[in-house]
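>>> fold the following, please.
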Amino acid sequence: MISLKSISKVYGSGDAATTVLHDITLEIKAGEFVAIMGPSGSGKSTLLNILGTLDVPSSGEYTFLDTQIGSLDPDQRALFRRYILGFIFQGYNLLKKTTSLENVEMPLIYQGIDRKTRKTMAYEALKSVGLEDRLYYDPGQLSGGQQQRVAIARAMVTRPKVLIADEPTGNLDTTRSHEIMEVIQTFNKQGITVIMVTHEKDIAAYASRTIYLRDGRIEKEVKHVS
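Below is the predicted model:
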């Protein structure tokens, strides 16, 4: 599904040039759950941003199915994110003073879905993460774990092919972290490809494979036995 060939990323130019990723070659199959780990500065976030088309590589080739991502202009990449990808962030990124239902509706508004349909879809997404009784709560009325569940519902409401998760449990305690990972794992078992950055080995263990980065290079890969 996803193929990276000799991906490099350089910031700056001349004497100020810094290479963050070096010659990354990686294949991710449809339905896989891949974790990316490594110390600070290893290139994890840069790699995730390239996979999520939020950044572009300096060199190399990124192919999604039959699409050469490098050939897309910024508007086409935005459409790719809108219809193909779902994003979960460490900081939830929910709109304040906006209900759970309204937060989850937002991606559907950008897709031009009519009001009645998107409310039904948002309700079903919140129900799928166990928050059908929190439809009209705003983020300030929810716990951290509940806010992250709203964020997951928002990411999944468009039924993306790939879920991009950047430290999805970084702000949560151990119990809430594992609850969130069970929700993400449930979506993966339904066929959604998951790519996740994490610092925590117990969280990475939910994945089928962990890719370790160091100094912008793939150091090793470990497959997990379920």
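
>>> how about residue 161: what's its closest non-neighbour residue?
Among residues not flanking residue 161 along the chain, residue 84 sits closest, at 5.3 Å (Cβ to Cβ, 6 or more residues apart in numbering). Placement of C-beta: from N, CA and C, glycine included.

>>> and that neighbour, what are its phi and psi?
Note on residue 84: its backbone torsions stand at phi -110, psi -30 [degrees, to the nearest 10].

>>> so the residue most central in space within the chain: helix, strand or coil?
In the chain, the C-alpha closest to the average C-alpha coordinate belongs to residue 164, at a distance of 1.3 Å (Cα atoms, centre = their mean). Three-state call for residue 164 (DSSP: H, G, I helix; E, B strand; the rest coil): strand.

>>> and it, bridged to which residues?
For residue 164, the residues forming beta bridges with it (DSSP bridges) are residue 87, residue 195.

>>> surely it is in contact with residue 84?
No: look at residue 164 against residue 84 with Cβ atoms under 8 Å: they stay out of range, at 10.3 Å.

>>> residue 35 is in contact with residue 196, isn't it?
Yes: with the criterion set as Cβ under 8 Å, residue 35 and residue 196 qualify as a contacting pair; they are 5.2 Å apart.

>>> what about residue 83, helix or strand, and which?
In the assignment (DSSP states H and E), residue 83 maps to helix 74-84.

>>> which residues touch that helix?
By Cβ atoms under 8 Å, 6 or more residues apart in numbering, the list of residues contacting helix 74-84 from outside reads 52-54, 64, 67, 69, 72, 87, 107, 110-111, 158, 160-162.

>>> so which of those residues sit within helices?
Taking DSSP state H, the ones among the contacts of helix 74-84 that sit in helices are 107, 110.

>>> out of the contacts of helix 74-84, flag the one nearest to residue 18.
For residue 18, the nearest member of those is residue 54. The distance, counting by Cβ to Cβ, is 18.6 Å.

>>> ok, that closest one - contacts?
Shown in contact with residue 54 (Cβ under 8 Å, 6+ apart): residue 81.

>>> got phi/psi on it?
Dihedral angles for residue 54 - degrees, to the nearest 10 - are phi -80, psi -20.

>>> picking up where we left off before, tell me which residues of the helix holding residue 83 are tucked away?
Of the residues in helix 74-84, 77, 80, 81 count as buried by neighbour count, 16 or more other Cβ atoms under 10 Å.
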